[in-house]
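1. my questions are about this predicted structure, shown below with the sequence.
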Amino acid sequence: MPADLGPAMTAEFDTVAEWTAEVAAGLGPGYYLPAACRGSGQPAALDWLLRALAPRPGAAMIDVGAGLGGPAAYAAAQAGVRPVLLEPEPGACRAAARLFGAPVAQADAACLPVATAAADTAWCLGVLCTAPDPDAQLAMLRELRRILRPAGRLGLLVFTAAAAHLDDPPQGNCFPAADGLSALIGQAGLVVGGQADTASLAPAPRDWEDRTAAVEQELDRRYGSAPQLAQAREQSRRIGALLASGQLTSQLLWLQPG
């Protein structure tokens, strides 16, 4: 995720991220994962990626653009990995440390503090579209390729656009077309090992949805009049509307060095 985000995206990934961790901490540990996986961390999608990446128990797993750390914590619980979180927004870094205690560093996705060919496994979920243009997206993919070992695997969740013009898009996002994404992947020196549309996967369990809703209700109670919460909610609403209309699709991919 680029370090220089617009106000709406900063509100979502920095201020509201820290508020969300505060709310989840007050509700209890059972709310941490649902709260911290909002947006791009539904259980079925994470399970698909973990099956595809097949990380070794005990191995380090790099989460680039880790947000509040929910997907990484889910991977640790389900696959026994040791997550390392890289996230540009300080509020999200503090939130991840508060909820899960995993190692977290503030870092831009286009300049990762990871040695070349150091990672067996990494993922980057819902982050590519936060880069401002295709050149920046290519730089991000090349950086992800750089940190992978020759036999390493990378998981992506990417929102792709079905048309050049989108109705009422969220602020600060640049959504690649499906063919444009394929070109970027090839230019970055990566090849696709498999992919899936998240719409084909099972919805989140009812208990997960209920806990997510409880977090949202408490955010409303505490911060309902704050403009940052309204900005973050509007970003989510616009993406949801585009997904519902078919103008955006949410794709899962696993990649490896070519």
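-> Thanks, I have the structure now.

2. show residues contacting the lowest-mean-pLDDT helix or strand in the chain.
-> The helix or strand of the chain with the poorest confidence is helix 7-10; it has a mean of 76 (mean pLDDT, DSSP states H and E). Residues from elsewhere that reach helix 7-10, judged by Cβ atoms under 8 Å, 6 or more residues apart in numbering: Glu89, Thr130, Pro170, Gln171, Gly172, Asn173, Gln231, Ala232, Glu234, Gln235. In this view, the C-beta of every residue, glycine as well, is placed from N, C-alpha and C.

3. tell me how far the second one lies from Thr212.
-> By that I understand Thr130. Noted for Thr130: a distance of 22 Å to Thr212, by Cβ to Cβ, to the nearest Å.

4. of these two, who's got more company?
-> A side-by-side neighbour count of Thr130 and Thr212, using other Cβ atoms under 10 Å, places Thr130 first with 21 against 18.

5. go ahead and confirm the more buried one touches Gly172.
-> Yes - in this structure, Thr130 is within contact of Gly172 by Cβ atoms under 8 Å, at 6.9 Å.

6. give me the buried positions along stretch 169-185.
-> Residues Pro169, Pro170, Gly172, Asn173, Phe175, Pro176, Leu181, Leu184, Ile185 are the ones in stretch 169-185 that count as buried (16 or more other Cβ atoms under 10 Å).

7. can you list contacts of that stretch?
-> Residues outside stretch 169-185 that contact it (Cβ under 8 Å, 6+ apart): 5-9, 128-134, 136-138, 141, 158-162, 164, 166, 191-192, 234-235, 238-239, 242, 248-249, 251, 253, 255.

8. which of those fall in strands?
-> Using DSSP state E, the subset of these located in strands is Val158, Phe159, Thr160, Ala161, Val191, Val192, Leu248, Thr249, Gln251, Leu253, Leu255.

9. the fourth one contacts Gly246, doesn't it?
-> What that stands for is Ala161. No - Ala161 lies out of contact with Gly246 (Cβ under 8 Å); the separation is 10.6 Å.

10. so which of the two has more stuff around it?
-> Neighbour count, other Cβ under 10 Å: between Ala161 and Gly246, Ala161 has more, with 21 against 10.

11. tell me how far the more buried one lies from Ser245.
-> Using Cβ to Cβ, Ala161 is found at 12 Å from Ser245.

12. next one: Pro134
-> As judged by Cβ to Cβ, Pro134 and Ser245 stand 23 Å apart.

13. so between these two, which is more surrounded?
-> When Pro134 is set against Ser245 and neighbours are counted by other Cβ under 10 Å, the residue ahead is Pro134, at 16 against 12.

14. now for the more buried one: which residues touch it?
-> Per Cβ under 8 Å, 6+ apart, neighbours of Pro134: Cys174, Pro176, Gly180, Leu184.

15. just Leu33 next, same as before
-> Gly70, Ala73, Tyr74, Trp208.
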